[in-house]
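Enquirer: Fold the following for me, if possible:
(one chain, ligands or ions: 2)
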Amino acid sequence: MVSFRNLPLGGKTIKMLCRQCEETIAGTGCVKRGVCGKTGELAGSQDILLGTLIELAACGIKGEDADEIMVDGLFMTLSNTNFDKKAVDGQTGKAKKLIGKDAEIRCKDVLSLDRNEDLRSLKELLLYGLKGMAAYYHHARILGAKDEAVMEFIRRGMASLAEDKTADELIALNMECGKTGAACLALLDESNTGKYGVPEITQVRTGAGKNPGILVTGHDLKDLEFILEQTQGTGIDVYTHGEMLTASSYPAFKKYKNLAGNYGGAWYKQKEEFESFNGPVVATTNCVLIPKDSYRERLFTTGTAGVEGVKHIGPKDGKKDFSEVIAMARSCPPPSQIDDVSLTIGFGHSQVLALADKIVDAVRTGAIKRFVVMAGCDGREKERTYYTEFAQSLPGDTVILTAGCAKYRFNKLDLGDIGGIPRVIDAGQCNDCYSLVVIAGALAKAFGTDINGLPLSFNISWYEQKAVLVLLTLLSLGVKDIMLGPRLPGFVTPGVLDVLVKSFGIKANGTVAGDMAVLKIE
Ligand code: SF4
Ligand code: SF3
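Expert: Ligands and ions are numbered 1, 2, ... in the order given. As a prediction, this is how the structure comes out:
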């Protein structure tokens, strides 16, 4: 069996090799312990899980159970999702059971899938896109949606990782991943709006109230719904954190008077923010970090999220029981205030399209000269202040379209509005990047051009694999000249980068404000 430990890595003995996220050490790979805190043992378990899922796909096993194991298993290996080796090994066990006990798991180390480094790089790009797709499909499935075409591609894409493929075949599979990603994001958009209503432009307060609270982070709206239902009449307030901020714009959540607002910012500040929240915190998905002792006892995970030694709340008869979290909240002091501003959210595609005439007029009269999509992920490196500086230095006739936790780099700045159109249009979570594509398509139609003909630039910040899927989706839709940062993916070889630059005009945004010149904003 081929192992990445035999790969040419300077002859060093390594405990693990993971380079799936933007923070990977030195931009090349975490080899001793992840920057995220992932240990060599956990990385090994995740590799075995992925190898088993590839085998599951290669054996052509499908159906309800197999699909759930595949989708949830992929999601569990996404950055900052599951730090519980037992849970990861348990998922491998479920997959093995379906394959049959005599099954030979042919691939043990995913990064050893090909000896040719460009082919391996293209396979990694596909695998990370598939992880992102699985995460979004998981959310749609939880709400009862299904799309066999998405599932068929996930299976075929996974099986192809163990097959001999040419570079052209792998590039085509990556484009198909992006195209299927668009369908998957559309499915999730339909599921969210079908279940919770069409997001409305909403003001959300970030200050802390006087009641004890529960903080809910991650992307899973259904978990938030369970918690809001179960806290009715208890005197406990529920706050959103990170990507859960978007929930407050859905009509179905507005009816809960104890949805008190948003506490804190993006995931990477959670160690301080969960500490000062004082009450229990529920992590529903990525990004969860290995907790500090100061709040470890107050942290709960659910769904695909997990942290060793942290209480996990699983499903029971299609429901989840958060009574232990509620009981803990009762005995905790209210949150300590860390800021108190008002955020404007809820610019999903329906709301923006309702403003379309106003926006088109503003472009025609020259009041709006350019749109910049600043979407994706936030992260903890100090170089990411680039995005704050970038937003601040954009001319006053520029509108920022955002989605994902990247927005926390500028959504608390007062950037004003253009004739009533806010200069930061927040479409929601990273999956709501789909809304940005719909908006761009509608603008292109209004101006009789294609997306690349619009006064529209893309400056995408990435961190994890959902962003890889969103990037592949944009590329498959023909979007060109995307700036990507703060660093280019460590798994992309110079050969693959050359293809991305020549075919799609991808640019590294660098980490210095001087690189803004690349955007050429007139
Ligand atoms: Fe390193 Fe990122 Fe992998 Fe964690 S997820 S081990 S930080 S590359
Ligand atoms: Fe953020 Fe993890 Fe990517 Fe959903 S919560 S965008 S980083």
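Enquirer: secondary structure class for Cys433?
Expert: Here Cys433 is recorded as helix under DSSP: H, G, I helix; E, B strand; the rest coil.
Enquirer: quick one, what contacts it?
Expert: Contact analysis of Cys433 by CB atoms under 8 Å, 6 or more residues apart in numbering lists 185, 375-376, 403-404, 427, 470, 473-474. For every residue, glycine as well, the C-beta is placed using N, CA and C.
Enquirer: Looking at these, which one is closest to Glu272?
Expert: Glu272 has its nearest neighbour among the contacts of Cys433 in Gly404, at 21.1 Å by CB to CB.
Enquirer: Now do the SS call for the residue nearest to the spatial centre of the chain.
Expert: In the chain, the centroid-proximal residue (CA atoms, centre = their mean) is Lys466; its distance is 4.2 Å. For Lys466, the assignment made with three-state DSSP gives helix.
Enquirer: Test for you: state the pLDDT assigned to it.
Expert: With respect to pLDDT, Lys466 scores 98.
Enquirer: Which ones among the contacts of Cys433 map onto strands?
Expert: Using DSSP state E to define strands, no part of the contacts of Cys433 is located there.
Enquirer: Nearest to ligand 2 among those?
Expert: Gly404 (4.0 Å; CB to the nearest ligand atom).
Enquirer: what residues are up against that closest one?
Expert: Gly404 sits next to 243, 375-378, 429-430, 432-433, 467, 470 when contact means CB under 8 Å, 6+ apart.
Enquirer: Looking at these, which are in helices?
Expert: Among those, the ones falling in helices (DSSP state H) are 433, 467, 470.
Enquirer: show me which of the residues you listed neighbour ligand 2.
Expert: Here is what survives when these are matched to ligand 2 using CB under 6 Å from any ligand atom: Ala467.
Enquirer: hang on, the earlier thing: please report how far the nearest residue to the residue nearest to the centre of the chain once chain neighbours are set aside lies from ligand 1.
Expert: Spatial nearest neighbour of Lys466, chain neighbours left out: Gly132 (4.1 Å); criterion: CB to CB, 6 or more residues apart in numbering. Distance of Gly132 to ligand 1, given as CB to the nearest ligand atom, to the nearest Å: 13 Å.
Enquirer: Which strand or helix spans Gly132?
Expert: helix 117-142 (DSSP states H and E).
Enquirer: any residues touching whatever helix or strand comes next after that helix, and which ones?
Expert: Scanning forward in sequence from helix 117-142 by DSSP H and E, the next helix or strand is helix 148-160. With CB under 8 Å, 6+ apart as the test, helix 148-160 has contacts from 53-54, 56-58, 60, 62, 67, 70-71, 74, 126-127, 129-130, 133-134, 137, 170, 173, 176-177, 180, 183-184, 187.
Enquirer: Buried ones among these?
Expert: By neighbour count, with 16 or more other CB atoms under 10 Å, the contacts of helix 148-160 hold 53-54, 56-58, 62, 67, 70-71, 74, 126-127, 129-130, 133-134, 137, 170, 173, 176-177, 180, 183-184, 187 as buried.
Enquirer: Filter these down to the ones in helices?
Expert: Here DSSP H is the test, and these give 53-54, 56-58, 67, 70-71, 74, 126-127, 129-130, 133-134, 137, 170, 173, 176-177, 180, 183-184, 187 as lying in helices.
Enquirer: Which part of the stretch 51-200 of the chain gets nearest to ligand 1, residue-wise?
Expert: Closest point on the stretch 51-200 of the chain to ligand 1, by CB to the nearest ligand atom, is Ser79, at 3.8 Å.
Enquirer: Please report the number of neighbouring residues for that residue.
Expert: For Ser79, the neighbour count with other CB atoms under 10 Å is 24.
Enquirer: Isn't Thr77 up against Leu50?
Expert: Yes: Thr77 is within contact range of Leu50, at 6.0 Å (criterion: CB atoms under 8 Å).
Enquirer: Next SSE downstream of the helix or strand hosting Val352?
Expert: Per DSSP H and E: Val352 is located in helix 349-354. Downstream of helix 349-354, the next assigned helix or strand under DSSP H and E is helix 356-364.
Enquirer: Return the set of buried residues in that following helix.
Expert: 359, 362-363.
Enquirer: ok, now stretch 420-431?
Expert: Buried residues in stretch 420-431 (16+ other CB under 10 Å): 421-431.
Enquirer: what's around the residue in the stretch 151-300 of the chain that ligand 2 sits nearest to, how many residues?
Expert: Residue of the stretch 151-300 of the chain nearest ligand 2, by CB to the nearest ligand atom: Cys287 (3.4 Å). Using other CB under 10 Å, Cys287 has 27 other residues around it.
Enquirer: Now it, what are its backbone angles?
Expert: Dihedral pair for Cys287: phi -100, psi 120, per degrees, to the nearest 10.
Enquirer: Using JSON lines, lay out the ones in helices among the contacts of Gly404 together with distance to Arg19.
Expert: Listed next are the ones in helices among the contacts of Gly404 as JSON lines, based on distance: CB to CB, whole Å:
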{"residue": "Cys433", "distance to Arg19": "23"}
{"residue": "Ala467", "distance to Arg19": "15"}
{"residue": "Val470", "distance to Arg19": "19"}
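Enquirer: Show me what secondary structure element comes after whichever strand or helix holds Ile214.
Expert: Per DSSP H and E, Ile214 falls inside strand 213-217. Proceeding N to C from strand 213-217, the next assigned helix or strand is helix 221-230, under DSSP H and E.
Enquirer: what packs against the helix or strand following that next one?
Expert: Scanning forward in sequence from helix 221-230 by DSSP H and E, the next helix or strand is strand 237-240. When contacts are defined as 3 or more CB pairs under 8 Å, 6 or more residues apart in numbering; DSSP states H and E, strand 237-240 packs onto strand 213-217, helix 221-230, strand 259-262.
Enquirer: List the buried residues in the first one.
Expert: The one in question is strand 213-217. 213-217.
Enquirer: Of those residues, just say which sits nearest to ligand 1.
Expert: Ranked by distance to ligand 1 (CB to the nearest ligand atom), those are led by Thr217 at 18.0 Å.
Enquirer: Identify the bridge partners of that closest one.
Expert: Thr217 forms beta bridges with Ala283, as assigned by DSSP bridges.
Enquirer: Count the neighbours of Leu122 for me.
Expert: 27.
Enquirer: residues contacting Lys210?
Expert: Shown in contact with Lys210 (CB under 8 Å, 6+ apart): Pro334.
Enquirer: Specify the local secondary structure of it.
Expert: Three-state call for Lys210 (three-state DSSP): coil.
Enquirer: which stretches of the chain have low pLDDT?
Expert: 1-13, 101-103, 108-113, 510-522 (pLDDT under 70).
Enquirer: Alongside ligand 1, which residues does it contribute?
Expert: Looking at ligand 1, the residues of the chain close enough under CB under 6 Å from any ligand atom are 18-21, 23-24, 30, 34-36, 38, 79.
Enquirer: what kind of secondary structure is the residue in the chain positioned nearest to ligand 1 in?
Expert: Relative to ligand 1, the nearest point of the chain is Gly34 (2.5 Å; CB to the nearest ligand atom). What three-state DSSP gives for Gly34 is coil.
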